[in-house]
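K.L.:
Dropping a prediction and its sequence here:
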Protein chains: 2
Amino acid sequence: MKRAAEIEIALKPRPHGMQLQRWLYEEIRAAILTGRLAPGARLPASRDLAKQCKASRGTVLAVFAQLGAEGYLNGAVGRGSFVTSELPDQRPGAAIATQADLSNKVDLVTGLNRQNITLSARGRLLSRTPFKIEGLAHPARAFRPSQPDVSEFPFATWARIAARQSRLAPRSLLASGDACGFRPLRAAIAEHLRAARGIVCSADNVLIASSVQQVLDLSARLLLDPGDEVWMEDPGYLGARMVLEATGANVVGVPVDSGGMKVAAGRASAPNARLAYVTAGRQSPLGYPLALDRRLALLAWADEAGATVIEDDYDSEYRFEGSPLAAMKSLDDSGRVIYAGTFSKLLFPSLRLAYAVLPGQLVEPFSAAMSLTCRYATLAPQTVLHEFIAEGHFGRHVRRMRVIYGERAQALRSAADMHLAGLLHLPTITTGLDAPAFLAEASDDARVTRLAAEAGVEVRPLSFYAGKNTCPSGLVLGFAAVSSEEIEAGARTLAQVLEPLCNI
Amino acid sequence: MKRAAEIEIALKPRPHGMQLQRWLYEEIRAAILTGRLAPGARLPASRDLAKQCKASRGTVLAVFAQLGAEGYLNGAVGRGSFVTSELPDQRPGAAIATQADLSNKVDLVTGLNRQNITLSARGRLLSRTPFKIEGLAHPARAFRPSQPDVSEFPFATWARIAARQSRLAPRSLLASGDACGFRPLRAAIAEHLRAARGIVCSADNVLIASSVQQVLDLSARLLLDPGDEVWMEDPGYLGARMVLEATGANVVGVPVDSGGMKVAAGRASAPNARLAYVTAGRQSPLGYPLALDRRLALLAWADEAGATVIEDDYDSEYRFEGSPLAAMKSLDDSGRVIYAGTFSKLLFPSLRLAYAVLPGQLVEPFSAAMSLTCRYATLAPQTVLHEFIAEGHFGRHVRRMRVIYGERAQALRSAADMHLAGLLHLPTITTGLDAPAFLAEASDDARVTRLAAEAGVEVRPLSFYAGKNTCPSGLVLGFAAVSSEEIEAGARTLAQVLEPLCNI
């Protein structure tokens, strides 16, 4: 038997717990990649290698076959196996990663060479971090803003529907979906919006997305080029401002008063803007609905300017006196308004289902863009939600939570009157999951927020919402996610935080 | 009782099925918006209006309250209600939409004025439609490409896990999520990729997205500015090319042969590209794995150029002889490769869960961009999938489908040999859910596709994947979604379609 052309392979000991076949594969692969086995070199016969590493010959042949398929070896039965000769000179150096290395070298995972990857200019805008979401501590504490009380969600009912659908839903629902979303859900949403919010629309106008944030992102990309002007309430919702800025648009802050966005000011400063973002139902963060005359003026401007308006209706379903106010979209006779709504606050946030009601002209562009950038929103939760609405659970849950949140708004009102008088001014609460409360002019609300957090109370400073305009100093207080007792206790703690600051 | 200042309101008849209160609300609102009720006009006393429209006085008062809250009316108890006087002159004209109009006027939904909304230049790129997804006809027919067989998915097991989690999962999972995804799932994916694909990574490197398309979109936006060059296989995956082009990047088609992307050609034509997109495991559509020397050359180029490589590993888990090949990412010592994988083809498409394995440097930018543009992927399917993997169902299902798809690949091989010899050349099938088959040089594969569709057979032409380079004429034949019998029958039908074309 000729042995001359063969070489010995130096094999590192097999790490504890590693499969023999994988270890042998990795050792030979590393030897080739690092050059210890040179291009063209002949490998030991499978029989000899099997003996050397106490493996079966089948194991060695399987390793040779895998390395052959991956291009490391070539050979023919009876002639032996050779290291492939076409490997380039330039290849990863001595530090080739193997499973065995992983535990020791964390650097492998992050890139050994540590050369910087350069983000694009757009990428740097897109990845600024102040808006980054992290898992929230659970349960919620007073006064976490923007949060519904998930403990009140009828999850048993939801799970029952999901289980039934798992048994009965046709297999076709596993195979594919529509970029616009599950059509029966879109029809149910259109029906709800027609009845509850005065919006004239059909299923064709409804696009299901995973979040309002995704709707905003698609809207900004479809409607704005870099440098285009866009109106944005100031103070206003940070998530919207950041996603608009990420497109390279020129975000023009429009001041806000108790009638909402000052449309005349927007018209004066950026008459040719391409887009306006407005929280017409309940201005975020100041809480006022956009006045009727301003709604009409905004629509008239959009018609004149050929602009589009995004109405972000994030929590105005929760109105505590009477029915929810009609949406601005209900006045949109000329197809200028993209209405965005979410189930995050009506049901539970991790559901990740939101929707847009689109002007007819925008349906095709949005569905094409959704298809290109995401394909379609997860289907199963859409079918469950459709059934949840059709069986009346949705309406019942919203009505029930409206009562509960109304009581908690009242609890916050009473607690503020009792403990926070002279420290925080809390305007009347009519709608929503949180409310602004105003500090004395000079206070640093970010500092108050930090001190409150140290005392165990969550608040969000109004300055978090500020653009370039001066913003009143204050705190956004969420009252929906916690009980009336916790609201009372939170108000007492907050008073202890504020008192020393105000006595100075 | 003074009546002089009051006016009569002309009320259109109430449409069948419309609530009295909603009808009255809409009639008064429309009368104000159209100017039939002028600013400052006094409304009839609630008692009289109630009599006029046969409603209770409570109903009328509720309508007045709602219109008051929405800014249409103002007034005080005892003094009467007045149309608000601050309405602007410019407001929607005579065609104000009401619920009653909806059935007659479809135009309302699409925008009465029909002024065009102008898309941005970026928006026009983003909304080109050839890639738009629509619900697919079910069940699949031979030879639908890119499709797994959802009828083989163990949905009962999946549903059982989902139901158990519905009962047991903590409420905290309803409230919020992490932009990178559910951490236990990320850890399970990292473990699978380490063992099965040789990728050295940890949970920290894994980002959960709703689709590979979303991963591509985020990558393109984070790494490319308009005009930047990017390598793309030609022929190659249309969805990738379109999403890269949508960023305004200059997509450079790199030719492909039986060793996959010709890296030297890419280097010659665009040495300073910022990004390269490659289907290293099984080139889409031609089916060859990227040769080892080219993998190493591609990584060496990326290191030199400071470029990033996207490895789209869409179906190479399904290798029918031996284990799946190691991913190119397993050679990525310097953190240059974004590895993208999906569960659409391993489990079922409407699950909408995919992932990226990111170089350490890109984890923060991706999670921030994900958070800004989408927040996070739906949580519940992630928790179910984690359990499905942890309990071993995932591995079992993939192994089982590997056998089934291998049999179907063999069925296609046999059927092609039997019926399509001389008409279509089918190379050896080793991996995946579909395979290319080549027509005689001059054939118009798009025409063949149309003729096949008329005969009841689904195929996709290779020209669908073509960029600017010449592309071989051929058809992509999916063999995974249908039974061996349907494959046999489909091949016979396809032969009947091709014979007359080839005899000319």
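P.N.:
Thanks, I have the structure now. Numbers count the residues shown, from 1 in each chain, chains lettered A, B, ... in the order given.

K.L.:
what's the neighbour count on the closest residue to chain B within the stretch 301-450 of chain A?
P.N.:
For the stretch 301-450 of chain A, the nearest residue to chain B under the criterion C-beta to the nearest C-beta is residue A:335, separated by 2.1 Å. All C-beta spots, glycine's among them, are computed from the backbone N, C-alpha and C. If you count neighbours by other C-beta atoms under 10 Å in any protein chain shown, residue A:335 ends up with 25.

K.L.:
you'd agree it is up against residue A:359?
P.N.:
Yes - here residue A:335 lies in contact with residue A:359, judged by C-beta atoms under 8 Å, at a distance of 3.5 Å.

K.L.:
Per-residue pLDDT of residue A:237, please?
P.N.:
Residue A:237 is assigned 95 on the pLDDT scale.

K.L.:
Neighbours of it, how many?
P.N.:
Using other C-beta under 10 Å, residue A:237 has 23 other residues around it.

K.L.:
Correct me if wrong: it contacts residue A:312.
P.N.:
Yes - counting by C-beta under 8 Å, residue A:237 touches residue A:312, with 6.9 Å between them.

K.L.:
shared neighbours of these two, which are they?
P.N.:
Residues touching both residue A:237 and residue A:312 (C-beta atoms under 8 Å, 6 or more residues apart in numbering or on different chains): A:277, A:279, A:284.

K.L.:
now the residues you listed in JSON lines, with distance to chain B?
P.N.:
Conversion of these to JSON lines gives the following (distance: C-beta to the nearest C-beta, whole Å):
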{"residue": "A:277", "distance to chain B": "15"}
{"residue": "A:279", "distance to chain B": "16"}
{"residue": "A:284", "distance to chain B": "16"}
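
K.L.:
Distance to residue B:349, neighbour count and pLDDT for those residues - can I get that in TSV?
P.N.:
Putting the shared contacts of residue A:237 and residue A:312 into TSV (distance: C-beta to C-beta, whole Å; neighbours: other C-beta atoms under 10 Å in any protein chain shown; pLDDT from 0 to 100) gives the following:
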residue	distance to residue B:349	neighbour count	pLDDT
A:277	34	27	98
A:279	36	27	98
A:284	36	26	95
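
K.L.:
I'd like those as TSV, with secondary structure and distance to residue A:421 appended.
P.N.:
What follows is the shared contacts of residue A:237 and residue A:312, written out as TSV (DSSP: H, G, I helix; E, B strand; the rest coil; distance: C-beta to C-beta, whole Å):
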residue	secondary structure	distance to residue A:421
A:277	strand	35
A:279	coil	29
A:284	coil	26
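
K.L.:
for these, which one is nearest residue A:198?
P.N.:
Comparing the shared contacts of residue A:237 and residue A:312 against residue A:198 with C-beta to C-beta picks out residue A:279 as the nearest, at 17.5 Å.

K.L.:
How about the secondary structure of the spatially closest residue to residue A:218 that is not a sequence neighbour?
P.N.:
The spatially closest residue to residue A:218, leaving aside those adjacent along the chain, is residue A:369, at 5.3 Å (C-beta to C-beta, 6 or more residues apart in numbering or on different chains). Under the three-state scheme (DSSP: H, G, I helix; E, B strand; the rest coil), residue A:369 adopts helix.

K.L.:
Which residues are in contact with residue A:369?
P.N.:
Residue A:369 makes contacts with A:218, A:221-222, B:123, B:126-127, as judged by C-beta under 8 Å, 6+ apart.

K.L.:
Out of those residues, which sit inside helices?
P.N.:
When DSSP state H defines the helices, the subset of those inside them is A:218, A:221-222, B:123, B:126.

K.L.:
Quick one: which of these has the lowest pLDDT value?
P.N.:
Out of the ones in helices among the contacts of residue A:369, that is residue B:126, at 86.

K.L.:
Regarding chain A, what is its longest helix?
P.N.:
Scanning chain A for the longest helix, with DSSP H as the assignment, gives helix A:393-415.

K.L.:
can you list the weak-confidence ranges in the stretch 301-450 of chain A?
P.N.:
Per-residue confidence for the stretch 301-450 of chain A (pLDDT under 70) gives these ranges: A:441-442.

K.L.:
where do the strands sit along chain A?
P.N.:
If you assign secondary structure with DSSP state E, the strands in chain A sit at A:73-76, A:80-83, A:206-209, A:229-234, A:250-257, A:260-261, A:275-278, A:308-312, A:337-342, A:354-357, A:434-438, A:460-461, A:474-478.
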